[in-house]
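Asker: pasting a predicted model and its sequence here:
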Amino acid sequence: MCGIVGYVGPRDARDVVLEGLRRLEYRGYDSAGIAVLADGELSAEKKAGKLANLEKVLAERPLPEAGTGIGHTRWATHGGPTDRNAHPHLSADGTVAVIHNGIIENFAPLRSECEAGGVEFRSETDTEVAAHLLAATYRETPEGPGRLAEAMRRVCRRLEGAFTLVASHADEPDTLVAARRSSPLVVGVGDGEYFLGSDVAAFIAHTREARELGQDQVVEIDRTRGLTVTTFDGAPVEPVAYTVDWDAAAAEKGGYDWFMLKEIAEQPRAIADTLLGRLGEQGQLVLDEVRLSDQDLRDVDKVFVVACGTAYHAGLIAKYAIEHWTRIPVEVELASEFRYRDPVLDRSTLVVVISQSGETMDTLMALRHAKDQKARVLAICNANGSTIPRESDAVLYTHAGPEVAVASTKGFLTQLVACYLVGLFLAQVRGIKYADEVGSVVDQLRRLPEAVEQVLGGMDAVRELARSLAGEGTILFLGRHVGFPVALEGALKLKELAYIHAEGFAAGELKHGSIAVIDQGTPVICIAPARLSPLHGKVVSNIQEVRARGARTIVIAEEGDEDVVPYADHLVRVPPTPTLLSPVVTTVPLQVFACEVADTRGYDVDQPRNLAKSVTVE
Ligand code: M6R
């Protein structure tokens, strides 16, 4: 939530910052702002709404050319999405400009303190206190190199909550200082230039060399002194260097109307990349990155899968596979709930946290809650260098590449694949499955990219159907077994993109109450299990039940399944896929459907209202 960009170097900071903001806009689009430092003076512009609004203002009132600049794209927390609440916030004396991601929880007493000192606040944000405190603290900090960084450390020691702060001071034209606690921040290192970003997309057009920052650290980037990192207490830190394994082209739309469409189309490649190098010659799995010993994995007596939103749906599917393959009990929980109850965990509990961004605050807090109780934590994550894998005991990266659209698509399918790998790996290490059994599932996994490609090839009818249903007020989704989380995911996609009331139901549960909402013509999208599944007949009955009450049924069924034909007003065919892996193919039509409904309704598919890509507040 909120995108942060900073630049110090020989280029025109205005261009670098605006380009960074364009790439980070998916992190929040309630407002955007920029500040540059030229000739010892800070100048800023900020505007409510999307970045385009700010760009319009800048075209009329350009800021001066400068070598130092910061920019922000906001997802509002404290204070509505107005011009005044947009970042950057300047101190009362105009010497400090600050941008912020996160929440300063003790901002109220700090604000009172500033007001008692005569400061008049211009916004309702928690952020503004940081600007005033920093200006005052800077005045009290001895002169010399690193003065702004020292002032930042002193301020940070007083702040509570989660925050990334970036500050520029009028007296330090070649310097930016940033701090992070539980919110994301990475540093980009170019040739004589430095970048700051909420994620590497902010500077990927200029450099792929990045530095990870840890918790409670302050970084100074200075054109002559270079990069200096310390803890909040001033102890020097050597940041971890890494090279980003994708380039700027991967973060472009590549000819598609929406990032979401491009990301849906990339799914076969993303799945193949996630499997790459993890399947051994003899069918065995090779997960060298999972830094847990075989003994640790053999000791596991319970698995918790913890995540949010779409990643949580991946976790729900993982439960079926992991329990089936390993016979270890698996609980799946929303991170925001897990974190505030008392789950029973110990050293032999494996907690699998799933997060595309690696920055979701609810998931991060759940991870810490698990580690406090000595559980082993394995992260499934897409964003290299992000906080969640860094704080976990082990990590399995999905290789989806950058996911820019707010709605997760390739992130989800690759999370599923990673969950299957974890389940199979546990079964392999614990000797529950013979090598040939693991090998046969591995073969099935290898066929998934082609199966998804096949589904994508037949989506014209789904798009047409979506256009015909775009005016509906309610659309329901039904599924059973692994089809149930798929139904939940289909409903979530439709809600978040098309703002249509949608619900996913367990097909067998409907008759216990919810079937009462079915009315004449209510569209119900039903996910039929594989023909050979023992549940197939049951779901066909459930489809008949809703149809008997007037529902218009859209059935997603595998090729050759003739049993569903009499009960389907519309049929969407997918290639036959083994039951546990079937969500990888049955989800795809639902993604395409939601995207097309939203597009038909004239909505911004990539940036739905009220949302942001990485949810970095609790
Ligand atoms: O980055 P994460 O995977 O931790 O994000 C979790 C959810 O916020 C995310 O999946 C969200 O539900 C998506 N917008 C759904 O499309």
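Answerer: In hand now; what should we look at? Keep in mind that what you see is a predicted model, and the values were worked out from it rather than measured. Numbering: from 1, shown residues only.
Asker: closest residue of this structure to the ligand?
Answerer: Across the chain, the shortest distance to the ligand (CB to the nearest ligand atom) belongs to Gly309, at 1.9 Å. C-beta here means a position set from N, CA and C on the backbone, and glycine is covered the same way.
Asker: tally up the residues packed near the nearest residue to that residue once chain neighbours are set aside, please.
Answerer: Closest residue to Gly309 apart from its sequence neighbours, by CB to CB, 6 or more residues apart in numbering: Leu492 at 6.7 Å. Using other CB atoms under 10 Å, Leu492 is surrounded by 23 other residues.
Asker: got the residues of the stretch 51-200 of the chain near the ligand?
Answerer: Residues of the stretch 51-200 of the chain lying close to the ligand (CB under 6 Å from any ligand atom): none.
Asker: circling back to that earlier point, so the residue nearest to Gly309, which of the three states?
Answerer: helix (DSSP: H, G, I helix; E, B strand; the rest coil).
Asker: what sits against the residue of the chain closest to the ligand?
Answerer: Taking CB atoms under 8 Å, 6 or more residues apart in numbering as the criterion, Gly309 is in contact with Ser408, Leu492, Val615.
Asker: Thr360 now?
Answerer: Going by CB under 8 Å, 6+ apart, Thr360 touches Ala307, Cys308, Ala311, Ala335, Ile388, Ser614, Val615, Thr616.
Asker: next one: Pro449
Answerer: Here Pro449 is in contact with Gln267, Pro268, Arg269, Ile271, Ala272 (criterion: CB under 8 Å, 6+ apart).
Asker: now swap in Thr230 and tell me
Answerer: Contacts of Thr230 were listed using CB under 8 Å, 6+ apart, and they are Ala149, Arg153, Gln217, Val218, Pro236, Val237.
Asker: picking that back up, in helices, which of the contacts of Pro449 appear?
Answerer: Using DSSP state H, Gln267, Pro268, Arg269, Ile271, Ala272 are the members of these that sit in helices.
Asker: turn those into TSV, including neighbour count and distance to Glu128.
Answerer: As requested, these are exported to TSV (neighbours: other CB atoms under 10 Å; distance: CB to CB, whole Å):
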residue	neighbour count	distance to Glu128
Gln267	26	43
Pro268	20	48
Arg269	16	45
Ile271	27	46
Ala272	17	48
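Asker: what does the stretch 351-500 of the chain put close to the ligand?
Answerer: Applying CB under 6 Å from any ligand atom, we find that the stretch 351-500 of the chain lies next to the ligand at Ser355, Gln356, Ser357, Thr360, Thr363, Val406, Ala407, Ser408, Leu492, Glu496.
Asker: what residue is smack in the middle of the protein?
Answerer: What sits nearest the mean C-alpha location of the chain, by CA atoms, centre = their mean, is Ser357, with 3.6 Å.
Asker: tell me which element the nearest residue to Gln373 once chain neighbours are set aside falls in.
Answerer: Sequence neighbours aside, Leu345 is the residue nearest to Gln373 in space, at 4.3 Å (criterion: CB to CB, 6+ apart). Leu345 is part of no helix or strand, with elements assigned from DSSP states H and E.
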